[in-house]
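*Asks:* A structural model of the following input is requested.
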Amino acid sequence: MSALFSSWNDAWLLAGARTPFADLGGALSAVSPIDLGIAAARGALAKAGLEGPEIGFVVAGSLAPASFDAYMLPRHIGLYAGAPLEVPALLVQRVCGTGIEALVQAAHAVERHGAGFALAAGAESMSRNPICAFTHRNGFPLGAPVEFKDFLWEALLDPACGLSMGGTAEELARRYAITRGEVDAFAARSFERALAAQAAGFFDDEILPVEDCVFSRPGLRERGIRLPRGVGRVAADTHPRPSPPERLATIRPAFGGVQTGGNSSAIVDGAAAAVVGSGAAARGRRPLARFVAAAAVGCPPEIMGIGPVPAIRALLARTGLRLEQIDLIEINEAFGAQVLACVRELGLDEERLNVNGGAIAIGHPLAATGIRLAVTCARELRRRGGRYGIASACIGGGQGIALLLETSDA
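*Replies:* Numbering: from 1, shown residues only. Next comes the predicted model:
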């Protein structure tokens with residue numbers, strides 16, 4: 001099997017933080033993803049007990065340009081989080097696997113390039129995805145179509161296979177004979193688990209409440225976050241809600257089959273960040289987990305949602321582990337049918353899968369998701385005394401990525 005495989009002996013996940021994930025058009029809809037990323041980065045540094053000047057590398061990801069300074073996203077996240085002016089910043093993009101890719105690059109930086117501590121972030125404003133055109137630079141010829149389109153919607157189409165991302169989930173549903181009832185039942189369980197985790201306070205340790213604030217640094221212009229009038233604070237994910245199967249069954253199909261707005265990943269705004277360090281740099285701290293290995297693979301574009309399967313298989317084959325040795329698995333819930341296809345192909349025990357809910361309930365701010373998956377997985381491993389966990393995601397265009405974590409107490 002062809003896979004891009006990475007492994008490490010001395011790269012550690014020290015801490016992670018994220019903003020709440022807020023529904024499309026909601027409380028965070030006017031906030032630049034850069035500012036969301038800065039907030040998450042500052043939160044991660046605080047949880048790690050670090051100051052910005054200790055950061056030796058910054059890597060961040062975002063997909064759609066959601067502000068005019070989008071080119072500077074990783075640099076500005078690093079600068080306003082306090083990283084030294086001399087420390088470089090890198091933008092990565094592997095679609096829905098961007099957050100995991102950012103962690104991979106951070107692990108490389110601390111183990112292979114002597115960065116000491118690396119800051120990894122992913123930030124996304126789905127609400128600020130532009131209405132845009134790519135054909136107007138030379139003007140508007142008489143009678144030509146104007147062609148302004150919704151980037152958020154149009155970006156879901158993969159022209160290589162002629163299917164939208166939802167269409168690829170429908171293709172998996174056909175191939176694996178997955179019914180609407182099964183998808184709704186899976187989605188209901190995602191909501192139920194996320195609500196239970198919220199009620200138990202599980203997410204409180206990773207969510208950084210967002211309030212109006214100013215980010216300042218000597219020599220730079222101030223920037224910050226201003227919430228809508230009447231919204232003083234956003235402290236929790238806004239999408240989880242009671243969603244029993246019978247309620248989900250009333251929602252009309254979105255792509256002509258089993259997928260609906262209720263059993264697909266929620267469209268949300270948010271950011272996540274993590275601090276990665278070497279063992280020597282992290283001495284005296286208690287890391288969440290060790291980065292063991294990662295694998296990125298390609299798969300057919302028309303069934304892109306199956307990507308976690310070959311990625312996880314490559315990870316296990318190269319590390320010599322068996323699936324039954326993995327205590328927890330997080331697979332991004334892009335679509336319910338997509339995750340169920342992975343479950344069937346791998347023979348997964350669903351009691352070890354997405355135990356605190358997934359993107360159907362919590363939301364999927366594209367570049368931030370992979371970091372959320374890894375931090376949530378590591379925290380739950382620690383909570384239940386497990387050893388190995390995998391965070392994985394399918395990737396539009398036909399890829400999959402998986403990251404293997406080992407708890408620091410193992």
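
*Asks:* okay, which residue of the chain is out on the far edge from center?
*Replies:* With distances taken as Cα atoms, centre = their mean, the residue sitting farthest from the centre of the chain turns out to be Leu142, at 43.7 Å.

*Asks:* That one in helix, strand or coil?
*Replies:* Using DSSP: H, G, I helix; E, B strand; the rest coil, the three-state assignment for Leu142 comes out as coil.

*Asks:* Got the confidence number for it?
*Replies:* Note on Leu142: pLDDT of 87.

*Asks:* Backbone dihedrals for it, please?
*Replies:* Main-chain dihedrals, Leu142, degrees, to the nearest 10: phi -60, psi 120.

*Asks:* Just give the nearest non-adjacent residue to Glu147, would you?
*Replies:* Distance criterion Cβ to Cβ, 6 or more residues apart in numbering; nearest residue to Glu147, sequence neighbours excluded, is Ala133 at 5.1 Å. Using the backbone N, CA and C atoms, a C-beta is placed for each residue, glycine as well.

*Asks:* repeat for Asn263
*Replies:* Taking Cβ to Cβ, 6+ apart as the measure, Asn263 lies nearest to Ala187, with 3.7 Å between them; neighbours along the chain are not counted.

*Asks:* Got the phi and psi for the one you found?
*Replies:* Here the main-chain torsion angles of Ala187 (degrees, to the nearest 10) amount to phi -60, psi -40.

*Asks:* Okay, it and Ser243: tell me how far apart.
*Replies:* Using Cβ to Cβ, to the nearest Å, one obtains 7 Å as the distance from Ala187 to Ser243.

*Asks:* Between the two, which contacts overlap?
*Replies:* The contact sets of Ala187 and Ser243 overlap at 262, 361 (Cβ atoms under 8 Å, 6 or more residues apart in numbering).

*Asks:* between the two, who's got more neighbours?
*Replies:* Comparing Ala187 with Ser243 by other Cβ atoms under 10 Å, the one with more neighbours is Ala187, at 27 against 23.

*Asks:* close enough to count as contact, that one and Leu248?
*Replies:* Yes - using Cβ atoms under 8 Å, Ala187 is in contact with Leu248, at 5.7 Å.

*Asks:* which residues are common contacts for the two?
*Replies:* With Cβ under 8 Å, 6+ apart applied, the overlap between the contact sets of Ala187 and Leu248 consists of 262-263.

*Asks:* Would you tell me what helix or strand the residue sitting nearest the centre point of the chain is located in?
*Replies:* The residue at the geometric middle of the chain, judged as the C-alpha nearest the mean C-alpha position with Cα atoms, centre = their mean, is Thr369 (1.0 Å). With the criterion set as DSSP states H and E, the secondary-structure element containing Thr369 is helix 366-384.

*Asks:* Could I get the average pLDDT for the following helix or strand past that helix?
*Replies:* Remark: after helix 366-384, the chain's next helix or strand is strand 388-395, criterion DSSP H and E. Averaging pLDDT along strand 388-395 gives 98.

*Asks:* mind listing the strands for the stretch 251-400 of the chain?
*Replies:* Taking DSSP state E, counting those that start in this stretch, the strands of the stretch 251-400 of the chain run over residues 268-277, 289-298, 328-331, 388-395, 399-407.

*Asks:* Any idea which of these gets closest to Ala200?
*Replies:* strand 328-331 (16.4 Å; Cβ to Cβ).

*Asks:* got the CA positions of that closest one in PDB?
*Replies:* Taking only C-alpha atoms (Å, rounded to 0.1, in the frame of the first residue of the first chain), the coordinates of strand 328-331 have been written out as PDB:
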ATOM      1  CA  LEU A 328     -10.300   4.900  21.100                       C
ATOM      2  CA  ILE A 329     -10.900   5.900  17.500                       C
ATOM      3  CA  GLU A 330     -12.100   9.300  16.300                       C
ATOM      4  CA  ILE A 331     -13.300   9.400  12.700                       C
END
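
*Asks:* quick one: low-confidence ranges for this structure?
*Replies:* Screening the chain residue by residue with the criterion pLDDT under 70, one finds the ranges 1, 408-410.

*Asks:* let's see 50
*Replies:* Judged against pLDDT under 50, the low-scoring parts of the chain cover residues 410.

*Asks:* all helices for the stretch 151-300 of the chain, in order.
*Replies:* Chain-ordered helices for the stretch 151-300 of the chain, with DSSP state H, counting those that start in this stretch as the definition, fall at 151-154, 165-175, 180-199, 245-248.

*Asks:* Just put those in JSON lines and tack on distance to Pro287.
*Replies:* As requested, the helices of the stretch 151-300 of the chain are arranged in JSON lines below (distance: least, Cβ to Cβ, whole Å):
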{"stretch": "helix 151-154", "distance to Pro287": "37"}
{"stretch": "helix 165-175", "distance to Pro287": "35"}
{"stretch": "helix 180-199", "distance to Pro287": "22"}
{"stretch": "helix 245-248", "distance to Pro287": "39"}
